[in-house]
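> below are the sequence and a predicted model for it; my questions follow.
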Amino acid sequence: MNDAALYLFPVGLSDTLPDNVLPQHNLELLREMRYLVVENIRTARRFLKSVDKSIDVNAIEFTELSEHTDVGDIPDMLAPLSHGESVGLLSEAGCPAVADPGSDLVAAAQQRGYKVVPLVGPSSILLSLMGSGFNGQSFAFMGYLPIDESARVRRLKDMQRRVVAERQTQIFIETPYRNNKLIAELVSRLPGDMLLCVASDITGPSQSIVTMPLNKWAKAKYDYNKIPTIFLLYS
């Protein structure tokens, strides 16, 4: 193993200045990167310009890694490491490799003995948990709920069971245009005294983190349509 490393660069969660949510050390490292693995090249280039307009994005070799990438192509993305050159991994938002296809690249780096350096940055999972008032000792991130109705109901009931039996906070997300519909669904399917935290536009200008029992959500006025939002259940 050489001194080169796979650096995991968090990206802001909202339309805010990188200086507001990312350490200066991250930004300095980004300026030095010549090889970046990203989920979307266009948005990655835009992010780099927001970090520093002087960054020559045309001098950077970008490789896309998304949910559609063939796993057989992933090891080749680490080729610069074998020549002593560091590689950076950028998420679309938040922390790379957490609910993110970049985890496959990290796994490949670990298997080959390369140095992996995760960097400090915003995580919607942790920030929403911090602001919820829920159990931070035991929690689970469930990702997206199933689309199939019967599977969806089973998942909700399983989360309810874990909250009650294990005192485990349940964290999950939804496609932003379905946020309001999801809250209504939770109100109709789960006990009214169960607590729901809705954390929206985290770190952004319209950030809102609200915890209430579902019976209060049933009467509340809200509109989270098309806003990045994360949901937490507890009791």
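Great, that's in hand.

> helix or strand: which one has Ile183?
If you go by DSSP states H and E, Ile183 is part of helix 179-189.

> also Phe62?
Phe62 is located in strand 61-64, with elements delineated by DSSP H and E.

> hmm, back to that, just want the angle from the helix or strand just after the helix holding Ile183 to helix 179-189.
Next along the chain after helix 179-189, taking DSSP H and E as the criterion, comes strand 195-200. Going by axes from the mean of the first three to the mean of the last three Cα atoms, to 10 degrees, strand 195-200 is angled at 180 degrees with respect to helix 179-189.

> C-terminal to strand 195-200, what's the next element?
Per DSSP H and E, strand 195-200 leads on to strand 208-213 as the next helix or strand towards the C-terminus.

> neighbouring strands of that following strand in the sheet, and parallel or not?
The strands beside strand 208-213 in its sheet (DSSP bridges) come out as strand 195-200 (antiparallel).

> about what we covered before: by contact count, what packs against the strand holding Phe62?
strand 35-38, helix 41-51 (3 or more Cβ pairs under 8 Å, 6 or more residues apart in numbering; DSSP states H and E). Any C-beta I mention is one placed from the backbone N, CA and C, and that applies to glycine too.

> export those to TSV and tack on distance to Gly84?
Output for those, formatted as TSV (distance: least, Cβ to Cβ, whole Å):
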stretch	distance to Gly84
strand 35-38	12
helix 41-51	23
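
> got the contact list for the nearest residue to Tyr224 once chain neighbours are set aside?
Closest residue in space to Tyr224, ignoring its immediate chain neighbours: Asn179 at 3.9 Å, by Cβ to Cβ, 6 or more residues apart in numbering. For Asn179, the contacting residues are 200, 224-227, 229, by Cβ atoms under 8 Å, 6 or more residues apart in numbering.

> gap between Asn179 and Thr69?
Asn179 sits at a distance of 28 Å from Thr69 (criterion: Cβ to Cβ, to the nearest Å).
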